[in-house]
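Chemist: The following block contains a protein sequence and its predicted model.
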Protein chains: 2
Amino acid sequence: MTVSYFEIAHGCKDLPARAGKIRTAHGVIETPVFMPVGTQASVKSVSREELEEAGVQIILANTYHLYLRPGHEVVKTLGGLHRFMNWPHPILTDSGGFQVYSLAKLRKVTEEGVLFQSHLDGSRHFLGPDEAMEIQLALGSDIMMAFDECVSYPCDYEYVRRSVELTTSWALKCTKYKGRGPGKVFGIVQGGTYPDLRRKSAESLLELDFDGYAIGGLSVGEGFELRNEMIRVVQEMLPEDKPVYLMGVGTPEDIVEGVCLGVDMFDCVMPTRNARNGTLFTRTGKISIKNAKYVDDERPPDENCSCYTCRNYSRAYLRHLFMARELLAYRLNTIHNISYYMNLMKDLRQAILEESLDRFKKSFYERQGS
Amino acid sequence: MTVSYFEIAHGCKDLPARAGKIRTAHGVIETPVFMPVGTQASVKSVSREELEEAGVQIILANTYHLYLRPGHEVVKTLGGLHRFMNWPHPILTDSGGFQVYSLAKLRKVTEEGVLFQSHLDGSRHFLGPDEAMEIQLALGSDIMMAFDECVSYPCDYEYVRRSVELTTSWALKCTKYKGRGPGKVFGIVQGGTYPDLRRKSAESLLELDFDGYAIGGLSVGEGFELRNEMIRVVQEMLPEDKPVYLMGVGTPEDIVEGVCLGVDMFDCVMPTRNARNGTLFTRTGKISIKNAKYVDDERPPDENCSCYTCRNYSRAYLRHLFMARELLAYRLNTIHNISYYMNLMKDLRQAILEESLDRFKKSFYERQGS
């Protein structure tokens, strides 16, 4: 009997939450896991060593961006993405679908794929399920995402219904790439905010037996309640022995909710982007380092944090760097925010293993703004 | 007998070049030394640990910038500049003179000092010799520079003559701060490109018995030959037992020449600014990492360099980061360029100690562009 690449160490008694392990060609990931975003083969402003010290186990890289620049063939020639960017640990690549819809210009969606213009130079390109998978194979991804259509929010029922069909037909093509490389292939459940379409999408993808399942097309303005409802609808249908990945989510609160709903994997630009805007996460909520009250504040950003930034720098210095637009500001803030997210995931995992997730959630909410 | 804070380990037989040591309250500096510029209490994009690994012994910070933001009183309240920026090693602060002339708006120079408007918000400020020294004391500088007037190039004889007199009268006021803190106080020789005014300036400052002497007002467009002539004129007059600091210089070639002419200390934005513009120094000359030929070049920037960047990253990746405007580009390039400058200084020091400076200089020039 082969050992599954995904193993559940403990499932909560009263909640779908679980703690597990994902084995990849580049190492083991402990779940629930948060994946910092390294869009262009770099998690903005931080080094490999800083990610490792923060406890990062897997990062996400963007197929769309790397296809356009420097080009997946170049990356392949240079030994693949891990070697190119000096990150020997797991990498998940998205399919490029989301970026084609959110960044590219003049899109034309057909049954074959999407014709679009680069946001960099206006050059014309085509991305379909085969292209998306070939690019991800060339990059040497550990977890490849099936090519999907992302609909905007709100979106009318009929459009979403047809879109789910398209995503399903593309997903079928993507499953042919299972086993073509060391990377696993995940399908993406779409369906907007329509429970029946979400169920239909999940049902069709389940027949294709992906290595894992993502819930896509959320965090696009639908709101907390509606999102959680969609997660519930999909999660109930998914097999217990496959990882569940909630794409593009989210705030610390979103992640706590997601974990409670049975999600194993998350990614979001929030910790890194917020850092560059001067917003720092702390155990008691967010702070804006720009605030004049920090001008002579000797305390670290978070007195309960032991990250590199908190060990070495004061709010006063971080405020000064940010106001003076010093490059070091972005890096020190990013190290702290990523550390915050990593610690949150560690705490959530521990709470699951100790059957104390309810208590953790309660105290997490009590701390915010205290 | 007290041990001098500046000690010469070896002086060359046929050249004024020498290798020495400067003792400061924050540690010993081996000369000849290059000081990376940390204008706003940060060497742009790099951390303390990266500076240490590159071999940096002392950095320069700017009085003008720190006075305006965050303010020297704030820095003092927070325990001084070393603690504020987490740099426990020596710091030299300039007097603010150069920035007042090059950055500030609407200057009015009187015998008392300079009235100017901040380049940040147009607010009005006054900086004179007493103010400049008080600010540097508040910052806790290890080497404080006397307040001077920097003239532009070219500048007519009569203006420079009067300016030297003004700088001398300010220098007299600055010497009163000797011994007021742990920091040494250096005078700055001015005099434009007029040998007799350079001599007059040096002569007057020598009477004031500064802890060290800087040659200021060069590298402003006067050219290689004229600059070297001015260095020679001044260096000949300076006492052997005081450090000589050539301000704002320069390229690797300028530094090799300066060391041969007896200069002990240098500072320049060149390694850091060039790094952020994509220009990397190598043993065989400069390269522009933007160049398309590096798109799939697996080699490190300099195959003879063992810095963090060269150990871990290829030209192809550095080019990609630079083209994609990734923040990591500026940092990796800066680490490399600072390491290049530090290695150059180490090689120069070793050549002095081994009486092989002529040979080093010859092979240095032969390597360029090879």
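Modeler: That came in fine, so what should we check first? What you are looking at is a predicted structure, and each value in this text was computed from that prediction instead of being measured. Residues are numbered from 1 along each chain as shown, chains lettered A, B, ... in the order given.
Chemist: Is the one residue in the stretch 101-250 of chain A that gets nearest to chain B in a helix, a strand, or coil?
Modeler: Relative to chain B, the nearest point of the stretch 101-250 of chain A is residue A:120 (9.3 Å; C-beta to the nearest C-beta). Heads up, the C-betas are built off the backbone N, CA and C, glycines and all. Of the three states, residue A:120 takes coil under DSSP: H, G, I helix; E, B strand; the rest coil.
Chemist: pretty sure it is in contact with residue A:67, am I right?
Modeler: No. Contact criterion C-beta atoms under 8 Å: residue A:120 and residue A:67 do not qualify, at 11.1 Å.
Chemist: about what we covered before: need the contact list for the residue of the stretch 101-250 of chain A closest to chain B.
Modeler: Neighbouring residues of residue A:120 by C-beta atoms under 8 Å, 6 or more residues apart in numbering or on different chains: A:68-69.
Chemist: Just the pLDDT at it, thanks.
Modeler: Residue A:120 carries a pLDDT value of 94.
Chemist: can you check residue A:68 too?
Modeler: Predicted confidence (pLDDT) for residue A:68: 97.
Chemist: how much space between the nearest residue to it once chain neighbours are set aside and residue A:65?
Modeler: Spatial nearest neighbour of residue A:68, chain neighbours left out: residue A:118 (5.3 Å); criterion: C-beta to C-beta, 6 or more residues apart in numbering or on different chains. Counting by C-beta to C-beta, to the nearest Å, the gap from residue A:118 to residue A:65 is 10 Å.
Chemist: Also residue A:27?
Modeler: 24 Å.
Chemist: how about the spatially most central residue of chain A, what does it touch?
Modeler: With distances taken as C-alpha atoms, centre = their mean, the residue of chain A nearest its centroid is residue A:267 (1.6 Å). Neighbour list for residue A:267: A:34-37, A:60, A:92, A:245, A:247-249 [criterion: C-beta under 8 Å, 6+ apart].
Chemist: Tell me which of residue A:118 and residue A:65 has more neighbours.
Modeler: residue A:65 (20 against 16; other C-beta atoms under 10 Å in any protein chain shown).
Chemist: Can you tell me the element residue A:75 falls in?
Modeler: Using DSSP states H and E, residue A:75 sits within helix A:72-77.
Chemist: CA atoms only: put that helix into PDB for me.
Modeler: The C-alpha coordinates for helix A:72-77 follow below in PDB (Å, rounded to 0.1, in the frame of the first residue of the first chain):
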ATOM      1  CA  HIS A  72       9.200  29.800 -18.200                       C
ATOM      2  CA  GLU A  73      11.600  28.500 -20.800                       C
ATOM      3  CA  VAL A  74      14.400  30.700 -19.300                       C
ATOM      4  CA  VAL A  75      13.600  29.400 -15.800                       C
ATOM      5  CA  LYS A  76      13.600  25.800 -17.100                       C
ATOM      6  CA  THR A  77      17.000  26.300 -18.700                       C
END
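Chemist: for that helix, which positions count as buried?
Modeler: Neighbour-count burial for helix A:72-77 flags A:72, A:74-77 (criterion: 16 or more other C-beta atoms under 10 Å in any protein chain shown).
Chemist: and if you look at stretch A:225-245?
Modeler: A:227-231, A:233-235, A:238, A:242-245.
Chemist: residues making contact with it?
Modeler: So stretch A:225-245 is in contact with A:4, A:6, A:8, A:11, A:16, A:20, A:22, A:31, A:186, A:189, A:191, A:193, A:195, A:198-199, A:202-203, A:206, A:210-215, A:218-219, A:222, A:246, A:249, A:254, A:257-258, A:261-267, going by C-beta under 8 Å, 6+ apart.
Chemist: Could you identify the buried members of those?
Modeler: Buried residues within these, counting neighbours by 16+ other C-beta under 10 Å: A:6, A:16, A:20, A:22, A:31, A:186, A:189, A:191, A:193, A:198-199, A:202, A:206, A:210-215, A:218-219, A:222, A:246, A:249, A:254, A:257-258, A:261-267.
Chemist: residues near whichever residue of the stretch 201-350 of chain A sits closest to chain B, how many?
Modeler: Nearest residue of the stretch 201-350 of chain A to chain B (C-beta to the nearest C-beta) works out as residue A:327 at 4.0 Å. For residue A:327, the neighbour count with other C-beta under 10 Å is 19.
Chemist: looking at it, it is touching residue B:43, isn't it?
Modeler: No. The criterion here is C-beta under 8 Å, and residue A:327 misses it with residue B:43 at 9.9 Å.
Chemist: hang on, the earlier thing: export the contacts of residue A:267 to TSV and tack on secondary structure and pLDDT?
Modeler: Formatted as TSV, the contacts of residue A:267 follow (DSSP: H, G, I helix; E, B strand; the rest coil; pLDDT from 0 to 100):
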residue	secondary structure	pLDDT
A:34	strand	98
A:35	strand	98
A:36	coil	98
A:37	strand	98
A:60	strand	98
A:92	strand	98
A:245	strand	98
A:247	coil	98
A:248	coil	96
A:249	coil	96
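Chemist: what are the ranges of the strands in the stretch 101-250 of chain A?
Modeler: A:105-109, A:114-117, A:124-127, A:143-145, A:184-189, A:212-215, A:244-246 (DSSP state E, counting those that start in this stretch).
Chemist: Residues touching the third one, excluding its own?
Modeler: Right, the one you point to is strand A:124-127. Contacts for strand A:124-127 (C-beta under 8 Å, 6+ apart): A:64, A:67-68, A:96-97, A:100, A:104, A:112-118, A:147.
Chemist: does residue A:320 count as helix, strand or coil?
Modeler: Secondary structure, three-state DSSP: residue A:320 is helix.
Chemist: count of residues packed around it?
Modeler: By other C-beta under 10 Å, 28 other residues sit near residue A:320.
Chemist: surely residue A:188 meets residue A:216?
Modeler: Yes. Assessed by C-beta under 8 Å, residue A:188 is found in contact with residue A:216 at 4.1 Å.
Chemist: what touches both of these two?
Modeler: By C-beta under 8 Å, 6+ apart, residue A:188 and residue A:216 have these common neighbours: A:97, A:148, A:247.
Chemist: Find the nearest non-adjacent residue to the first one, please.
Modeler: Spatial nearest neighbour of residue A:97, excluding adjacent residues (C-beta to C-beta, 6+ apart): residue A:148 at 4.6 Å.
Chemist: which residue packs closest to residue A:265, ignoring adjacent ones?
Modeler: Distances taken as C-beta to C-beta, 6+ apart place residue A:245 nearest to residue A:265, at 3.9 Å, with adjacent residues excluded.
Chemist: Dig out what the one you found forms beta bridges with.
Modeler: residue A:214, residue A:265 (DSSP bridges).
Chemist: wouldn't residue A:340 be in contact with residue A:285 here?
Modeler: No. Using C-beta under 8 Å, residue A:340 makes no contact with residue A:285, being 11.1 Å away.
Chemist: show me where pLDDT drops low in chain A?
Modeler: A:1-3 (pLDDT under 70).
Chemist: same thing but at 50, please
Modeler: By pLDDT under 50, the weakly predicted segments of chain A are A:1.
Chemist: helices or strands up against the host helix or strand of residue A:10?
Modeler: Using DSSP H and E, residue A:10 sits in strand A:6-11. With contacts defined as 3 or more C-beta pairs under 8 Å, 6 or more residues apart in numbering or on different chains; DSSP states H and E, strand A:6-11 has these neighbours: strand A:18-24, helix A:327-353.
Chemist: which residues touch that strand?
Modeler: A:17-23, A:212, A:240-243, A:352-353.
Chemist: redo that, cut-off 10 Å
Modeler: Strand A:6-11 has contacts (C-beta atoms under 10 Å, 6 or more residues apart in numbering or on different chains) with A:17-23, A:28-31, A:184, A:211-212, A:240-243, A:262, A:264, A:349, A:352-355.
Chemist: Direction included, what does that strand pair up with?
Modeler: With DSSP bridges as the test, strand A:6-11 pairs up with strand A:18-24 (antiparallel).
Chemist: What residues sit buried inside the helix or strand just after the partner strand?
Modeler: Using DSSP H and E, the helix or strand that follows strand A:18-24 in sequence is strand A:27-31. Going by neighbour count (16+ other C-beta under 10 Å), the buried part of strand A:27-31 is A:29-31.
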